[in-house]
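1. Here's my sequence, what's the structure:
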Amino acid sequence: MNSNGIQHRPHSDILHKANNTRVLGTHHKYICRPFSNEATLDPSTLQFEFNQLMNNLSLRAFDLSFQELQQSFHELAEKMRGMEEQCILVQNDENYLQTVQKLMSRCASLGTIDGAELTEQYLTLVLNSSMKGRIQFHAKSRGSNGNNSSGINYDDAPVIMPTRQMFTLAMDAWAKLDLKRFQDNRRNALMPAQRAQQILDFMWEEYYTNPNGAVLKPDVIHYTTVLQALSNASSKKATQMAQNLLKQAEKRSGLQNFLIEKNSLSGLDPNLVPDRTCYNTVLYCLAKYFQSRDDLHGRLHSAQFIMGLMEEMMNKMELMADKLNDDAWMPNTRTYNLLLMACSRRPNGGGREAEKILEEMLLKAEHLVDHDIGAVILEGDQSVEDLEETSALPNIKPYNNVINAWLHDRSDEG
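-> Residues are numbered from 1 along each chain as shown. So this is what the prediction gives:
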């Protein structure tokens, strides 16, 4: 436990079974100080205080400091535990989820490990006090003879499920951490990405095993978030994990079979098919890892291997764009810049290879340039940045990377 009172736990413990109920993270039991006498309050009073607390937190969520967010977590956990003890159902599920989501968003915006931990704990609170709590309500509302003693039909009570956005926020909190503190320890630098991926794995577990888990099926946004976290680590292991995660998304979305067996589009999950951002993020992992290496031994082999992987991914993007008849998957300016970034560190032949890639970019962007006046053709409110996002229009970076490629080229031409 750190100075702020946050309980740090091993990332390997993020999936933990307690009392036959899957929860995210360790079974906190709401972590905090001993509970007050919430369970002894009159049910109507407890419900009123809970609603009042939620309204107050909803209004102030984005202005709270870390200490206030932590205190709010404790207060909310107490109220939920008291309601759980008295079998009181949350009457306004939407307000409850929206408020917790606001609190999680604020925690994630702090950009600290403590903030990421607390974001995850809010998510754990929803999982524990909602899914598990409903089961407890049902059991406690029945006497020893099995009859409902409370007069409430708990069988018909809706199950509160955390939203996909909550899981995205929990992942995002880890993905956007400032990793400068980990510069001296590459192993620790991978931890935030591992935490984000374990949350993704938990979503899949709930989707496959929880009767109400259909709403938790991950989508491409969750995969992109984890990939972004992996791209921050700049390590061989992170690069391998990113490649494996992309392959998982291709397989589970149906894209793998679609490209190999030429199945119909009906077999694709449009919400899960990896997009250009996913591929560019993995390409960034490859290029950044290669640039971060200082050793010369074996670099020729590494350069050829990495360049081969990157070109294979670009070919796949073009194939997807062709088969899906959608240019949204075509390599864009960033895609080519990343390939050139890798070329700039290739010890033999990098300069010549970089020039070929730049020539390919210029050829693909030829129709976007008015050569008579030497200007880019823009339509309406379109900007140059818009074209770079949707096409392979070169900017200054490709030229800089070509120069760097020649500077590092140790061949006879270099």
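
2. Over to D370: give its phi and psi.
-> phi -90, psi 100 (degrees, to the nearest 10).

3. For the residue nearest the centre of the chain, give me the pLDDT.
-> With distances taken as C-alpha atoms, centre = their mean, T225 lies nearest the centre of the chain, 2.5 Å away. Note for T225: predicted pLDDT of 95.

4. Same question for N332.
-> Looking at N332, the pLDDT reads 93.

5. pLDDT weak spots in the stretch 1-150 of the chain?
-> Applying pLDDT under 70 to the stretch 1-150 of the chain picks out residues 1-41, 89-92, 129-150.

6. tell me the helices in it, going along the chain?
-> 43-60, 66-85, 93-109, 113-126, 133-140 (DSSP state H, counting those that start in this stretch).

7. looking at these, which is buried most?
-> Counting by mean count of other C-beta atoms under 10 Å, helix 113-126 has the highest mean neighbour count of these, with a mean of 24. Using the backbone N, CA and C atoms, a C-beta is placed for each residue, glycine as well.

8. picking that back up, redo the helices of the stretch 1-150 of the chain as CSV? Include distance to K356.
-> Output for those, formatted as CSV (distance: least, C-beta to C-beta, whole Å):
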stretch, distance to K356
helix 43-60, 57
helix 66-85, 51
helix 93-109, 43
helix 113-126, 43
helix 133-140, 61
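
9. Spell out the residue ranges of the strands in this structure.
-> If DSSP state E is used as the criterion, the strands of the chain fall at 15-18, 21-24, 369-370, 375-376.

10. Quick check: closest non-adjacent residue to N401.
-> Distances taken as C-beta to C-beta, 6 or more residues apart in numbering place L340 nearest to N401, at 3.7 Å, with adjacent residues excluded.

11. Tell me which residues touch that neighbour, please.
-> If you count contacts by C-beta atoms under 8 Å, 6 or more residues apart in numbering, L340 has them with A354, I357, L358, K397, P398, N401, V402, A405.

12. pretty sure the fifth one contacts L358?
-> Yes. In this structure, P398 is within contact of L358 by C-beta atoms under 8 Å, at 5.2 Å.

13. More neighbours: the two, which one.
-> Legend: neighbour count by other C-beta atoms under 10 Å for P398 and L358, higher for P398 (23 against 19).

14. OK, contacts around A321?
-> D327, A328, W329, M330.

15. How much space separates the second one from Y223?
-> Computed as C-beta to C-beta, to the nearest Å, the A328 to Y223 distance reads 16 Å.

16. can you redo the contacts of A321 as TSV with distance to Q240?
-> Putting the contacts of A321 into TSV (distance: C-beta to C-beta, whole Å) gives the following:
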residue	distance to Q240
D327	30
A328	27
W329	24
M330	26
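
17. so which of those residues comes closest to C107?
-> A328 (33.0 Å; C-beta to C-beta).

18. now that closest one: how far from Y279?
-> 11 Å.

19. So between these two, which is more surrounded?
-> Taking neighbours as other C-beta under 10 Å, A328 and Y279 compare with Y279 leading, 22 against 12.

20. need the contact list for the more buried one.
-> L246, M313, K316, M317, W329, T335.

21. so can I have CSV of the residues you listed showing distance to I373 and pLDDT?
-> What follows is the contacts of Y279, written out as CSV (distance: C-beta to C-beta, whole Å; pLDDT from 0 to 100):
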residue, distance to I373, pLDDT
L246, 41, 96
M313, 36, 91
K316, 37, 90
M317, 32, 91
W329, 32, 90
T335, 28, 94
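
22. want to throw these into CSV with distance to V100 and neighbour count?
-> Output for the contacts of Y279, formatted as CSV (distance: C-beta to C-beta, whole Å; neighbours: other C-beta atoms under 10 Å):
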residue, distance to V100, neighbour count
L246, 31, 21
M313, 38, 21
K316, 39, 17
M317, 38, 22
W329, 36, 20
T335, 38, 21
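
23. ok, those residues vs I306, which is closest?
-> Nearest to I306 among those, with distances taken as C-beta to C-beta, is M313, at 10.9 Å.

24. Would you agree that closest one is in contact with C285?
-> No. Taking C-beta under 8 Å as the definition, M313 is not a contact partner of C285, at 10.9 Å.

25. neighbours of N257, just the number please.
-> 14.

26. Would you check that it makes contact with L268?
-> No. Look at N257 against L268 with C-beta under 8 Å: they stay out of range, at 9.1 Å.

27. where are the low-confidence patches of the stretch 201-350 of the chain?
-> Residues of the stretch 201-350 of the chain that meet the cut-off, pLDDT under 70, sit at 262-264, 291-303.

28. quick one, helices of it?
-> With DSSP H, counting those that start in this stretch as the criterion, the stretch 201-350 of the chain has helices spanning 220-231, 236-252, 255-261, 276-292, 299-323, 333-343, 350-364.

29. Pipe those helices into a markdown table and attach distance to M203 per row.
-> Formatted as a markdown table, the helices of the stretch 201-350 of the chain follow (distance: least, C-beta to C-beta, whole Å):
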| stretch | distance to M203 |
| --- | --- |
| helix 220-231 | 7 |
| helix 236-252 | 12 |
| helix 255-261 | 19 |
| helix 276-292 | 17 |
| helix 299-323 | 25 |
| helix 333-343 | 28 |
| helix 350-364 | 38 |
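
30. Which one, of the ones you listed, ends up nearest to Y207?
-> Between the helices of the stretch 201-350 of the chain, helix 236-252 lies closest to Y207; by C-beta to C-beta that is 10.2 Å.

31. what number of residues lie near E366?
-> For E366, using other C-beta under 10 Å, the count is 9.

32. contacting residues for D326?
-> Here D326 is in contact with M320 (criterion: C-beta under 8 Å, 6+ apart).

33. measure it to D269 for me?
-> 15 Å.

34. cool, Y96 as well?
-> Y96 is 30 Å from D269, by C-beta to C-beta.

35. How about K397?
-> For K397, the distance to D269 - C-beta to C-beta - is 34 Å.

36. Also Q228?
-> 21 Å.

37. cool, K217 as well?
-> 9 Å.

38. Return every residue with contacts to both of the two.
-> Common neighbours of K217 and D269 (C-beta under 8 Å, 6+ apart) do not exist.
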